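Peer 1: fold the following, please.
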Amino acid sequence: MAALAFLAAGGAKLTGSPMMVSEFQAVGLGQWFRYLTGILEIGGAIALVLPRAAYYGAVLLVTVMTGALAAHLIRLGLTTAAPAFILLVISGTIAYVRRAR
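Peer 2: Alright, predicted model coming up:
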């Protein structure tokens with residue numbers, strides 16, 4: 001389920017969803033960063049469904065979502081931060097569960 005959420009989010013970024021374009025414009029890092037984020041989210045989503053790569057995909061997505069949460073808190077506003085926070089918690093949980101013992 002988390003993989004589908006990240007696949008959808010990454011796809012929206014790569015296909016140029018107007019909401020994603022405006023959010024990344026507001027962040028101020030340029031549209032290249034939207035493409036990079038979309039690629040990382042899709043790569044992380046694919047890794048989540050591969051048992052040997054799930055931990056690494058989750059760690060990648062934790063990193064991406066930490067940046068997303070920071071962008072929401074600093075530039076986009078607290079009211080839009082909930083999805084980033086929820087996906088951060090989900091990714092962190094997956095990373096914790098899938099870590100090597």
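Peer 1: who's in contact with the helix or strand where A58 lies?
Peer 2: Of the helices and strands defined by DSSP states H and E, A58 is found in helix 54-71. Identification of contacts with helix 54-71 by Cβ atoms under 8 Å, 6 or more residues apart in numbering yields 6, 27, 37, 40-41, 43-48, 50, 81, 84-85, 87-88, 91-92, 94-95, 98-100. All C-beta atoms are positioned from the backbone trio N, CA, C, and that covers glycine.
Peer 1: please name every helix or strand in contact with the following helix or strand past it.
Peer 2: Under the assignment DSSP H and E, the closest C-terminal helix or strand after helix 54-71 is helix 82-98. Packing partners of helix 82-98 (3 or more Cβ pairs under 8 Å, 6 or more residues apart in numbering; DSSP states H and E): helix 2-14, helix 54-71.
Peer 1: mean pLDDT and distance to E23 added to those helices, as CSV?
Peer 2: What follows is the helices and strands packed on helix 82-98, written out as CSV (pLDDT from 0 to 100; distance: least, Cβ to Cβ, whole Å):
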stretch, mean pLDDT, distance to E23
helix 2-14, 97, 9
helix 54-71, 97, 8
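Peer 1: mind checking which of those helices is nearest W32?
Peer 2: helix 2-14 (11.3 Å; Cβ to Cβ).
Peer 1: now the angle from the helix holding A58 to helix 2-14?
Peer 2: Interaxial angle of helix 54-71 relative to helix 2-14 (axes from the mean of the first three to the mean of the last three Cα atoms, to 10 degrees): 50 degrees.
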